[in-house]
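Enquirer: From the sequence below, what's the structure:
(2 chains)
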Amino acid sequence: MKEIAEASHAISEAVKMAKPAVIAAYPITPQTHIVERLSEMVANGEFKTEYINSDSEFAAISSCLGSSAAGVRSYTATSSQGLALMNEILYIVSGMRLPICMTVANRALSAPINIWNDHQDTMSVRDCGWIQMFAETAQECFDLTLMQFKISEDKRVLTPSMVCIDGFTLTHVYEPLHVPKQEAVDDFLPGYTPQHAVLDPDYPMTLGAIGFPSHYMEIRYTQNKAILDSLNVIKEVYQDFSKRFPVEIKNTRPEEYNHVERYRTDDAETILISLGSVCGTIKDVVDELRAKGEKVGLLKLITYRPFPKESIVKTLKNAKNVAVVEKAFSPGLGGVLYNEVATLLYENQLKPKMRDFIVGLGGKDVTLNHIREIVKNTKEDKGPVEQWMF
Amino acid sequence: MVDFDKLKSKVGKVEVTTGGVLKSNGSSARNKTGGWRAMRPITNKDVCVGCGLCWAICPEGCIRKDASGKFSADLDYCKGCGICANECPVKAISMVEEKK
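Expert: Residues are numbered from 1 along each chain as shown, chains lettered A, B, ... in the order given. Here you go, the predicted model:
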């Protein structure tokens, strides 16, 4: 079915179709329309789930931890300060390998108080051991939400995931959306079969036990191995999904999902790297410059954690100039993604000219002119390595 | 029912399970954690009146009642915090340094 939907509601629809047994969420700011719509659906009897109106985000993720440990599909959504409040439990969830699925509406962190879009919230939890995927469009929001359940719950993965969607520029924007039939979704995403955590009084087990120095590091090693190995499973799921659900509305998603989307990068001398909805603006500038004969392209990261090193290196290996365009920074260091990409290129003996552009913090508009300037400064090796685009 | 054999893997010199899950319950009772203690509570049972206040307030829940109705700490789990000694209304508990 084709419709015009707000990206938040696209996610509500996908979550409904995924049939989680428990949804726990804090209902007030900085919450989005995602759980508002889900709670309406439950109240209207459109689907059955245990819907918990939590009294904080800490409580919401803790409830999901409990339900996932009991062996059922569990979902929550949050944003900015709410994600920050969940921080402690995020580590526990991934350490216990509970496949909780979450949507994060990317918004700035205080202070100053700001409710608008950037990526500082999810970048601050990139070390929590969750799979992180970024969406550019409402269709990608919908698709990635269905896929995240399949990925997280795969017995080879058993790792929680967050789909990151830009606050306002996606959460409050209406776009064309194709919603597949429930039967097709059921076929793609069967119910969750717990592999290692289930509440069964006849077979009691211990979860979240102490890990003494003799075992802690070894258990963390297996956790790291699982999320690293999940790259293959994620790719499998992307391919399976793309085959089962071909593009219905042009330009709303990649033909075939992959860890990265390569937009006109094949012969590109200058490649921009970015995440999320700003990629739409970048694509417009790439088209404009391509029409003038400039060899420019965009590398859009869909999978951010695990970091898809091979896909990135493969795309950048012939680039002369690389610009990282990001909505987050590590105070006292610089752009988060820039530093990761620079390390990766060094490991592979690649040395393009590099620039790091911090854009759009706290909802500042990222305009076509910004992107034109980014391409120019990168090509001409102009200005300092780290540049803030006000 | 969870198949624990499928969750096991060998890392370094030890065997671990997915997410560190353990078969059966009661692992907290099997892990003797009293070794962390620096001070040991000793109850003078001639002074103890068996009121059970130490039993009620012990943060570890490791005070036991003996056949004569007197209370003392289970040293397999006692961390030596000294709350029992501090609160005992008849000062029957003294804290002494652990020596190896």
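Enquirer: Quick one: residues in contact with the lowest-mean-pLDDT helix or strand in chain B.
Expert: Counting by mean pLDDT, DSSP states H and E, chain B has its least confident helix or strand at helix B:27-30, which shows a mean of 82. Residues from elsewhere that reach helix B:27-30 (Cβ atoms under 8 Å, 6 or more residues apart in numbering or on different chains): A:206, A:209. To be clear about C-beta, it is placed using only N, CA and C from the backbone, and glycine gets the same treatment.
Enquirer: Alpha carbons of it, as PDB, please.
Expert: The C-alpha trace of helix B:27-30 is given here as PDB (Å, rounded to 0.1, in the frame of the first residue of the first chain):
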ATOM      1  CA  SER B  27      25.000 -18.800  41.700                       C
ATOM      2  CA  SER B  28      25.100 -16.000  44.300                       C
ATOM      3  CA  ALA B  29      25.100 -18.700  47.000                       C
ATOM      4  CA  ARG B  30      27.800 -20.700  45.400                       C
END
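Enquirer: quick one: the longest helix along chain A near chain B?
Expert: Of all the segments of type helix in chain A, defined by DSSP state H, the longest one is helix A:216-244. Yes: if you take Cβ under 8 Å from any Cβ of the partner chain as the test, helix A:216-244 does meet chain B, through A:217-219, A:221-223.
Enquirer: Could you list the buried residues of that helix?
Expert: If you call a residue buried by 16 or more other Cβ atoms under 10 Å in any protein chain shown, then helix A:216-244 has these buried ones: A:218-220, A:222-223, A:226-227, A:230-231, A:233-235, A:237-238, A:241-242.
Enquirer: could you give the mean pLDDT of that helix?
Expert: Regarding helix A:216-244, the rounded mean pLDDT is 98.
Enquirer: check contacts around the nearest residue to A:R264 once chain neighbours are set aside.
Expert: Spatial nearest neighbour of A:R264, chain neighbours left out: A:G297 (4.4 Å); criterion: Cβ to Cβ, 6 or more residues apart in numbering or on different chains. Contacts here follow Cβ under 8 Å, 6+ apart; on that basis A:G297 touches A:262-266, A:268, A:270-272, A:286.
Enquirer: The chain: helices as residue ranges?
Expert: All of this is about chain A. A:7-18, A:33-43, A:57-69, A:80-95, A:120-123, A:138-153, A:182-188, A:216-244, A:278-291, A:309-316, A:336-347, A:368-379.
Enquirer: Wait, chain B was what I had in mind.
Expert: Counting by DSSP H, the helices of chain B are B:27-30, B:53-57, B:83-87.
Enquirer: Next up, the contacts around the closest residue to chain B within the stretch 51-200 of chain A.
Expert: Nearest residue of the stretch 51-200 of chain A to chain B, counting by Cβ to the nearest Cβ: A:R97, 3.6 Å away. A:R97 makes contact with A:158-159, A:196-197, A:223, A:226, B:18-19, according to Cβ under 8 Å, 6+ apart.
Enquirer: Phi and psi next, for it.
Expert: Dihedral angles of A:R97 (phi, psi; degrees, to the nearest 10) stand at phi 60, psi 40.
Enquirer: For B:A56, see how far away the most centrally placed residue in chain B is.
Expert: Geometric centre of chain B, nearest residue: B:Y77, 1.8 Å, by Cα atoms, centre = their mean. According to Cβ to Cβ, to the nearest Å, B:Y77 and B:A56 sit 16 Å apart.
Enquirer: hey, which helix or strand in chain A has the poorest pLDDT?
Expert: That would be, for chain A by mean pLDDT, DSSP H and E, strand A:205-206 at a mean of 92.
Enquirer: if I look at the residue lying closest to B:C58 once chain neighbours are set aside, how far off is B:K65?
Expert: Using Cβ to Cβ, 6+ apart and skipping the chain neighbours, the partner closest in space to B:C58 is B:C84 (5.9 Å). To B:K65, B:C84 is 13 Å away according to Cβ to Cβ.
Enquirer: A:L289 reaches A:I374, doesn't it?
Expert: No: if you go by Cβ atoms under 8 Å, A:L289 and A:I374 don't touch, sitting 11.1 Å apart.
Enquirer: who's in contact with residue 10?
Expert: Assuming you mean chain A. Counting by Cβ under 8 Å, 6+ apart, A:A10 makes contact with A:138-139, A:141-142, A:145, A:175, A:177, A:179.
Enquirer: Can you look at chain B instead?
Expert: B:V16.
Enquirer: Okay, and the beta partners of it?
Expert: Beta bridges link B:K10 to B:E15, judged by DSSP bridges.
Enquirer: Now render the helices of chain B as CSV, adding mean neighbour count.
Expert: Output for these, formatted as CSV (neighbours: other Cβ atoms under 10 Å in any protein chain shown):
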stretch, mean neighbour count
helix B:27-30, 10
helix B:53-57, 16
helix B:83-87, 17
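Enquirer: Show me the least confident stretch of those, going by mean pLDDT.
Expert: Mean pLDDT values for these show the minimum at helix B:27-30, a mean of 82.
Enquirer: What about residue 72, how many residues nearby?
Expert: Defaulting to chain A. Neighbours of A:V72 under the rule other Cβ atoms under 10 Å in any protein chain shown: 19.
Enquirer: hmm, I had chain B in mind actually
Expert: Residues lying near B:S72 (other Cβ under 10 Å) number 22.
Enquirer: Give the bridge partners for the nearest residue to it once chain neighbours are set aside, please.
Expert: Excluding the flanking residues, the one nearest B:S72 by Cβ to Cβ, 6+ apart is B:T43, at 4.2 Å. For B:T43, the beta-bridge partners under DSSP bridges are B:I93.
Enquirer: Many thanks, have a good one.
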